[in-house]
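A.B. asks: Predicted model and sequence follow; I will ask about them next.
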Number of protein chains: 4
Amino acid sequence: MTSPYTVAAVPMRWVGPLRVSGNVVTTETHVPLATYESPLWPSVGRGAKISMLAEHGIVATLVDERMTRSVLVEARDAQTAYTAAWSIEARIDELRDVVRARSRFTELIGVRHEIVANLLFVRFEFATGDAAGHNMATLASDALLGHLLETIPGISYGSISANYCTDKKATAINGILGRGKNVVTELLVPRAVVADVLHTTAARIAELNIRKNLLGTLLAGGIRSANAHFANMLLGFYLATGQDAANIVEGSQGVTMAEDRHGDLYFSCTLPNLIVGTVGNGKELEFVEDNLARLGCRVEREVGENARRLAVIAAATVLCGELSLLAAQTNPGELMRTHVQLERHNNKVKVGD
Amino acid sequence: MTSPYTVAAVPMRWVGPLRVSGNVVTTETHVPLATYESPLWPSVGRGAKISMLAEHGIVATLVDERMTRSVLVEARDAQTAYTAAWSIEARIDELRDVVRARSRFTELIGVRHEIVANLLFVRFEFATGDAAGHNMATLASDALLGHLLETIPGISYGSISANYCTDKKATAINGILGRGKNVVTELLVPRAVVADVLHTTAARIAELNIRKNLLGTLLAGGIRSANAHFANMLLGFYLATGQDAANIVEGSQGVTMAEDRHGDLYFSCTLPNLIVGTVGNGKELEFVEDNLARLGCRVEREVGENARRLAVIAAATVLCGELSLLAAQTNPGELMRTHVQLERHNNKVKVGD
Amino acid sequence: MTSPYTVAAVPMRWVGPLRVSGNVVTTETHVPLATYESPLWPSVGRGAKISMLAEHGIVATLVDERMTRSVLVEARDAQTAYTAAWSIEARIDELRDVVRARSRFTELIGVRHEIVANLLFVRFEFATGDAAGHNMATLASDALLGHLLETIPGISYGSISANYCTDKKATAINGILGRGKNVVTELLVPRAVVADVLHTTAARIAELNIRKNLLGTLLAGGIRSANAHFANMLLGFYLATGQDAANIVEGSQGVTMAEDRHGDLYFSCTLPNLIVGTVGNGKELEFVEDNLARLGCRVEREVGENARRLAVIAAATVLCGELSLLAAQTNPGELMRTHVQLERHNNKVKVGD
Amino acid sequence: MTSPYTVAAVPMRWVGPLRVSGNVVTTETHVPLATYESPLWPSVGRGAKISMLAEHGIVATLVDERMTRSVLVEARDAQTAYTAAWSIEARIDELRDVVRARSRFTELIGVRHEIVANLLFVRFEFATGDAAGHNMATLASDALLGHLLETIPGISYGSISANYCTDKKATAINGILGRGKNVVTELLVPRAVVADVLHTTAARIAELNIRKNLLGTLLAGGIRSANAHFANMLLGFYLATGQDAANIVEGSQGVTMAEDRHGDLYFSCTLPNLIVGTVGNGKELEFVEDNLARLGCRVEREVGENARRLAVIAAATVLCGELSLLAAQTNPGELMRTHVQLERHNNKVKVGD
């Protein structure tokens, strides 16, 4: 089918700058967001502006990183599955060598398992350098699975991927055991800034967060999720930086916390499942290379440092948009007024999460 | 920040044709997919090829459609919340009129509520014509909320959006109460096609589906989800057709079923939360207009018909990719071999879900 | 196997009185709790004492009641399932008559359905008078299923129970669609009482509730649940009143809310899934009859009133124990001190939830 | 309040014998069940009868055991929480000694943590000998928490229990990280027995299990659960053996698998969260002592062996009841016929799960 278009040209803008500090990076940077929903830009922009008004800006703490792949093994019976599981635990060093023999940048750093009936689910955890690591994890798991099938009696191939990973599905396991980069962001907004820039109070944001993000999501039957719209910022940032944006599914699972601290606002977004990389699929595109370079993520650094920098900036971007929307929703009618204003200027509309 | 790039140019290709029939459309069509993960194209292409070998192709049944927005109301106490809830149920016709007075294309078709402590969550359901309807639902909800606050004593503003909607978060409520278009797709693949094109058997796909999609996701702590990678196809399709792709979060929640029917394969994907439209944000871009036109979704039709057509084609596309990946995972090493082949041709890699 | 014991003699005590008011009942009553965990008694007792110090005591609002059973129907294909679903919706009056013809006290009050692949799940909702209604719902569903199979072409028997009900499994559907009695309890505790009886402050309870019940449960991967130990009180109350105590599984899913209102404590427990009755299995035992009579639930009243009274008292009992435990956990070491004291007196221990 | 009744006398019967083998015990035993729902007895009895017709009976494999308690620590900020978490990981041996100094039978065997905002959730895992271990875990956690607060700067008391444990709430964490005893049971039922005793076929049970337990629970928004009525058998067994029966909440989360193996039925129940003990609260009651003795769980054995034996027998009992109910539900009307028969004999009713 001949079509004149070979790309989907998603509108992209840089917003900011935002200020970010913490255990990975201290910098001020603009961020690129590609989206069909243009109100995302001013929304993130407002949060970025606030980050510049706080001494340390957004403090981003990276607390974990790993990429995972689960395989499925069928055993003769549960006892055989159990024996196999223990064999795997006992031979972790041997398995590390299997991975090392295959790849220079992939390292096996953990294994977890679960047995149901005669089925053994094995979840491998890897360090994957500056790559998000989907493929590295799969390649390593393929080798590991082959090795297990050769060396453990009574088991046979089930699947190279068993949904116990879990990739692009919203589950509890990723947050509990870890998958991707886990970044906690915090911002202390002075009372005056809350009033002048956000037109609200810390108490109202804290209350809304409890009722909407924690309670509302709970009532909806959510799973490990309490936020307004992490997915929107992640999509825009992932598309602009060449990530596999389908990983916003698990990225959408994170927690916003807000506290009234004597009138100042303590605001925090925890993102346990940031799946990002600075090398791999999509990163070879020119605009992506350019964006990554502008974000300072194409510098010669220790392996993994570029990807960590990218993760932390992504998380800070999420906080900016989350703060802005929550503040708006504390005021009756504000979303609507914003909508009308934007419509006049852009003939475009985006309201709410 | 000056950058030479004003768009994220996501690589896009048309694959197919696929054949689809059912209660919305009977057609053969290629489909556009925009993605950084190039193996998605041949994967969906293989499924499309199989659809052409079945008499009716993929049979897609649209079983529901609605867009929702929840508001939060704070009441004096639970009894007041309860009284308010009943007032709302009793005045549904009056509320319909409130919506009609605001918008020609938005219709209130249902209301659900839930009370916790002194808080009342009200979930409005709308018909929104050919639009996905996020903004129409918010505009209507804003009017409804204002009307309720004026006419019901003892309640005050909580939030214009209460996460009980639920937008871009993975929850149970959307599947149970309905949000977006709910499409069931089915394909009966003859035994010979399963063997020749998919290199496997119906029994092995059925078994893998139980163990990986149903059981594996369950063990991972998934919520209303049993599939391998719906999110991948939805992302590619949504970007190519100007959708708000952050809605792949709830789109990723769906169910794959597979049965061995005397050697033939019955394969089905149910997608309860397809959030798509043919008008609205993103649809005015030239390549989007072109894509929608090529998909036959810019034809003068009864209101809503273009969007339904688009939803059904999206769902059929999902089935194609899902079938192909599951088949591959029944064969030890096939993903790896495919990987190496694609790498040779494309110098690009994508393995697994 | 001959054993001298024909009953499990679970220790039972009456604690209270507690004060309860609201849209079902206004009374003061002791409540019976049967348990192996003796610290439950003083814990609930402390909460009851507090309820007596509030003017209206615990205000309990019953906001919904229904019993459900889901059946599974296999259809020729999704289109047939869809047609069947609409036939069911259209013939609701006819189905009501089918139920009425079978039972005097069972009334069909709603139907919901969901389609996956060629499978149709139908969830019937019933009013069941003073019975919890498990059996009445099953008898009625058996009749309804038979009627549907006879009158709708292209469908066949799947199952008389399809786990979409849902009985004794923790799911989201019961809270969202309703199952059992939904009771909201509220108690306003004056600041002085919080200090003197609970040895804490409203602010500390409110904060603990957010962090432990809302956030902690979320992180654990909970589903529609935010409380410390509803299950403990429900088990004790259900055993003492002849209920099917396996229903504490869904009973454990409920929400505790706490607010600091100028130093006073607003405390609320919402229990959406109370499955209780005053007639049916277990109610004919002498001690159960006696307990129900003492609770005022064996009086001649309008059908359903005795069961509603029982539900409301159960909910108030839950609040008492929940408040007491949360207060204790705000104080470092209090649980341990209580433990040691109780151990000295009872040579028995129970600490925490 | 004076009442003549000091116990809830729950009707109790012994059913069986059932045959069980595996890595913990090989025996034939009757089992006691206390319940208000008398149909539970013949239902479990039918399953027990089938276990006697299989050479090895029910093969029960214990694959894990641990008891947990989570504490909550508030840190100055996320970075402090992160530092504290690493300090805890690094000082695991020191923490083990803290526990040992407090208790002879409690051993710290693992620690997991999660950080959200400035909050640190720490989940301690213990071996607790023959006790279920609720109190031992709390005592040990109290000591550990005190030690941490004294030795790590920048943190303060949050809660002695943080719902990340998780006790008596249905969550994902217990299955994923382990809590209680994890037992897999398997039974191979010859084709003739399926036909003669269960009046059905392996294929029909396997199909029903997929549709009802796996798919139906998924659609209901269940979390890590796929079974018909584990909760019923656990309640009866827990009450009869002096367990804290509120733990059926998490006990209800388990997986039934069924396969048609050339006409024979492979049937398996996996129970990841069996919280049982042979010492502790409730075990000192005479009827409990007698029941435990009859089950062979009061014999002088290595520490922990009695509790493991009890867990395995509990799991086998669950399988018996699960198999019987699923078989019945494959046959239209069988539940109703059973109901009518039981009603004639017992004037008592229990239908379905």
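C.D. replies: Now that the structure is in, tell me what you want to look at.
A.B. asks: In contact with residue A:5, which residues?
C.D. replies: With contact set as Cβ atoms under 8 Å, 6 or more residues apart in numbering or on different chains, residue A:5 has these partners: B:12, B:286-287, B:290-291. Using the backbone N, CA and C atoms, a C-beta is placed for each residue, glycine as well.
A.B. asks: ok, and the most crowded of those?
C.D. replies: Within the contacts of residue A:5, most neighbours by other Cβ atoms under 10 Å in any protein chain shown means residue B:291, with 25 neighbours.
A.B. asks: Look up phi and psi at that one.
C.D. replies: Here is the backbone geometry of residue B:291 (degrees, to the nearest 10): phi -60, psi -50.
A.B. asks: The helix or strand containing residue A:138: which residues count as buried?
C.D. replies: According to DSSP states H and E, residue A:138 maps onto helix A:134-151. Neighbour-count burial for helix A:134-151, counted by 16 or more other Cβ atoms under 10 Å in any protein chain shown, picks out A:134-148.
A.B. asks: can you narrow those to ones near chain D?
C.D. replies: With Cβ under 8 Å from any Cβ of the partner chain as the criterion, the buried residues of helix A:134-151 include none near chain D.
A.B. asks: where do the strands sit along the stretch 51-200 of chain A?
C.D. replies: Along the stretch 51-200 of chain A, counting by DSSP state E, counting those that start in this stretch, strands occupy A:58-75, A:107-116, A:119-127, A:155-159, A:180-189.
A.B. asks: Packed most tightly, which of the ones you listed would that be?
C.D. replies: Across the strands of the stretch 51-200 of chain A, averaging neighbours per residue (mean count of other Cβ atoms under 10 Å in any protein chain shown) puts strand A:180-189 on top, at a mean of 26.
A.B. asks: tilt between that one and strand A:58-75?
C.D. replies: Here strand A:180-189 runs at 160 degrees with respect to strand A:58-75, directions being taken by axes from the mean of the first three to the mean of the last three Cα atoms, to 10 degrees.
A.B. asks: Any chance of CSV for the contacts of residue A:5, columns distance to residue A:208?
C.D. replies: Formatted as CSV, the contacts of residue A:5 follow (distance: Cβ to Cβ, whole Å):
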residue, distance to residue A:208
B:12, 39
B:286, 40
B:287, 38
B:290, 42
B:291, 39
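A.B. asks: Give me the subset of these that also touch chain A.
C.D. replies: Checking the contacts of residue A:5 against chain A (Cβ under 8 Å from any Cβ), the matches are B:12, B:286-287, B:290-291.
A.B. asks: Chain C: which of the strands of the stretch 51-200 of chain A is closest?
C.D. replies: Nearest of the strands of the stretch 51-200 of chain A to chain C, taken as Cβ to the nearest Cβ: strand A:180-189 at 12.3 Å.
A.B. asks: Tell me the strands beside the closest one, with direction?
C.D. replies: Strand A:180-189 sits in its sheet next to strand A:58-75 (antiparallel), strand A:264-274 (antiparallel), going by DSSP bridges.
A.B. asks: The shortest one to strand D:119-127, inter-axis angle?
C.D. replies: For strand A:264-274 and strand D:119-127, the angle between their directions (the same axes, to 10 degrees) works out to 50 degrees.
A.B. asks: Just the C-alpha atoms of strand A:264-274, please, in PDB.
C.D. replies: Presented in PDB, the C-alpha positions along strand A:264-274 are these (Å, rounded to 0.1, in the frame of the first residue of the first chain):
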ATOM      1  CA  ASP A 264       4.500  24.700  52.200                       C
ATOM      2  CA  LEU A 265       3.700  21.900  49.900                       C
ATOM      3  CA  TYR A 266       5.800  18.700  50.000                       C
ATOM      4  CA  PHE A 267       5.100  17.000  46.700                       C
ATOM      5  CA  SER A 268       6.500  13.700  45.600                       C
ATOM      6  CA  CYS A 269       6.100  11.300  42.700                       C
ATOM      7  CA  THR A 270       7.500   7.700  43.000                       C
ATOM      8  CA  LEU A 271       8.000   5.900  39.700                       C
ATOM      9  CA  PRO A 272       9.100   2.400  40.300                       C
ATOM     10  CA  ASN A 273       9.000   1.200  36.700                       C
ATOM     11  CA  LEU A 274      10.800   3.600  34.400                       C
END
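A.B. asks: how about the helices of the stretch 201-350 of chain A, start to end?
C.D. replies: A:202-208, A:217-219, A:230-240, A:248-251, A:286-294, A:305-329, A:334-346 (DSSP state H, counting those that start in this stretch).
A.B. asks: is the longest one up against chain B anywhere?
C.D. replies: Read it as helix A:305-329. Yes: judged by Cβ under 8 Å from any Cβ, helix A:305-329 comes into contact with chain B at residue A:329.
A.B. asks: Tell me where the model's unsure across chain A.
C.D. replies: Scanning chain A for pLDDT under 70 picks out the ranges A:1, A:339-340, A:342-353.
A.B. asks: Perfect, that will be all.
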